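Undergrad: Below: sequence and its predicted model.
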Amino acid sequence: MKDPAQFLTARGKSTNKWRVIKFTDANEIIKLESTLKEYIAAAIQIEKEGIKVEVKEPATDPLPQELPELFAEDHDFEKAYKSLMPGQQQGYLLYFNSPKQSKTRTSRIEQYRQRILNGKGFHDCVCG
């Protein structure tokens, strides 16, 4: 979709398909009403025409060195991690890889071990 007003932003640095318009208050919506209506009409037309977005393969972060070490100690943990969807794995990798110290990476992995064993992604709800 064309973005002449340059309102559309990626949801995150790893997002290559979906874009959103972010608002900080309701007055912005009112101020941009006509532009928003144009964007919505364009999106509806794209949908009607069946135009598809060309999706690039997402770059995947490498496994932190601590993760395979923990997999070697606990094969159920490895199996649970590998059974997650690629996006769920990527969510964990972004979080696990960000610290510089091995101790912190290991701590983060341990903190989320049970969620992974439960089949939950990093951003999945832990409700109920």
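TA: Received the coordinates, thanks.

Undergrad: At which residues are the strands of this structure located?
TA: 9-10, 19-20 (DSSP state E).

Undergrad: Any regions of this structure where pLDDT drops low?
TA: Low-confidence segments of the chain, defined by pLDDT under 70: 11-17, 55-60, 126-128.

Undergrad: That one - how does it break down into domains?
TA: 9-49, 66-117 (automatic domain parsing).

Undergrad: what about the shortest one, start to end distance?
TA: In this case it means domain 9-49. 23 Å (CA to CA, to the nearest Å).

Undergrad: Just say which of the domains of the chain is most tucked in.
TA: Ranked by mean neighbour count, the domains of the chain are led by domain 66-117 with a mean of 15 (mean count of other CB atoms under 10 Å). Just so you know, the C-beta spots here come from the backbone N, C-alpha and C atoms, and that holds for glycine as well.

Undergrad: quick one on the thing from earlier: using a markdown table, lay out the domains of the chain together with distance to Met1.
TA: Listed next are the domains of the chain as a markdown table, based on distance: least, CB to CB, whole Å:
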| stretch | distance to Met1 |
| --- | --- |
| domain 9-49 | 6 |
| domain 66-117 | 22 |
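
Undergrad: Of the ones you listed, which is nearest Lys2?
TA: domain 9-49 (7.0 Å; CB to CB).

Undergrad: Figure out which of the strands of the chain is closest to Thr106.
TA: strand 9-10 (30.7 Å).

Undergrad: ok, and what's touching that closest one?
TA: Residues from elsewhere that reach strand 9-10 (CB atoms under 8 Å, 6 or more residues apart in numbering): 16, 18-22.

Undergrad: right, and the strands of the chain - which one's nearest Gln89?
TA: strand 9-10 (19.8 Å).

Undergrad: I'd like the distance from that closest one to the chain centre, please.
TA: Mean-position distance between strand 9-10 and its chain equals 12 Å (CA atoms, centre = their mean, to the nearest Å).

Undergrad: Kindly state which of the strands of the chain is positioned closest to Glu49.
TA: Comparing those by their distance to Glu49 (CB to CB), the top pick is strand 19-20, with 18.3 Å.
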